[in-house]
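Asks: Sequence first, predicted model second:
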Amino acid sequence: MNLLSRQLVEKAGINVEELVKLLVSNAAAELTTFYYYTILRVNLIGMEGEGLKEIAEDARIEDRNHFEALAPRIYELGGKLPDDMKVFHDLSACPPARLPENPKDIHAILQVLLRAEQCAVNGYTNICNLTCGKDHRTYDLSLAILHEEIEHEAWFAEFLAHGPSGHFRRRTVGESPFVSKFLHP
């Protein structure tokens, strides 16, 4: 497709192919994180783990929402998602958030969750810096995702006693307060 919106992004000085590549790799990170967070959440058991389940679930569902919000933008810019899930997994901008060797080590699970969120914060900050003032739609979407990823990072850091996050729980699980405007019911 040769859409005007893509042409305007190119005219603004953005290498659209490179931007699409970044969006695809971040979409892969979101979907794979959704998958790995499912496994991590299931293993949050016992007195310590049960308190984390709801927060891990919020982050898990919101990461799926991020994937759902990114996919249309990828296609709008003339890109596409890979046909092969294995290939898509391996394109992820972030390493897999795998269950640690000891699945009962809640502290180790929290470290995995925190590292995953920090990787996402870096990725969306990069996209925001690239698109600011040049590609308003991608910037707005990436900034919305960045807001949520920063909150996720703060939640997990707070559980690791890095200090209070100042953030409160969502009204409903997976609410995506910043990204919801990009999702279609």
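Replies: Yep, it's here.
Asks: what kind of secondary structure is residue 56 in?
Replies: In three-state terms, and counting by DSSP: H, G, I helix; E, B strand; the rest coil, residue 56 is helix.
Asks: show me the contacts for the spatially closest residue to residue 57 that is not a sequence neighbour.
Replies: Once flanking residues are discounted, residue 57 sits nearest to residue 173: 5.4 Å by C-beta to C-beta, 6 or more residues apart in numbering. Yep, even glycine has a C-beta here, placed from its N, CA and C like the rest. Taking C-beta atoms under 8 Å, 6 or more residues apart in numbering, we find residue 173 in contact with 54, 57, 58, 61.
Asks: what's the closest of the residues you listed to residue 72?
Replies: When the contacts of residue 173 are ranked by distance to residue 72 (C-beta to C-beta), residue 61 comes first, at 18.6 Å.
Asks: Show me the shaky parts of the chain.
Replies: Within the chain, the stretches falling below the threshold (pLDDT under 70) are 1, 167-169, 185.
Asks: Helices of that one, start to end?
Replies: Under the criterion DSSP state H, the chain carries helices at the ranges 4-11, 16-42, 46-76, 85-90, 106-131, 136-159.
Asks: These: which one's closest to residue 98?
Replies: Taking C-beta to C-beta as the criterion, residue 98 comes closest to helix 16-42 out of those, the separation being 6.1 Å.
Asks: re earlier: so which of the helices of the chain comes closest to residue 177?
Replies: Comparing these against residue 177 with C-beta to C-beta, the closest turns out to be helix 136-159 (7.4 Å).
Asks: Return the alpha-carbon coordinates of that closest one using CSV.
Replies: Once non-C-alpha atoms are left out, helix 136-159 reads as follows in CSV (Å, rounded to 0.1, in the frame of the first residue of the first chain):
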residue,chain,number,x,y,z
HIS,A,136,2.4,11.5,15.6
ARG,A,137,0.3,8.3,15.5
THR,A,138,3.2,6.0,16.3
TYR,A,139,4.6,8.4,18.9
ASP,A,140,1.2,8.6,20.7
LEU,A,141,0.8,4.8,20.7
SER,A,142,4.4,4.2,21.9
LEU,A,143,4.1,6.8,24.6
ALA,A,144,0.8,5.2,25.8
ILE,A,145,2.5,1.8,26.0
LEU,A,146,5.6,3.4,27.7
HIS,A,147,3.4,4.9,30.4
GLU,A,148,2.0,1.4,31.2
GLU,A,149,5.4,-0.3,31.0
ILE,A,150,6.9,2.3,33.4
GLU,A,151,4.0,1.5,35.9
HIS,A,152,4.7,-2.2,35.5
GLU,A,153,8.4,-1.6,36.2
ALA,A,154,7.5,0.5,39.3
TRP,A,155,5.1,-2.2,40.6
PHE,A,156,7.8,-5.0,40.5
ALA,A,157,10.5,-2.7,41.8
GLU,A,158,8.3,-1.8,44.8
PHE,A,159,7.9,-5.5,45.6
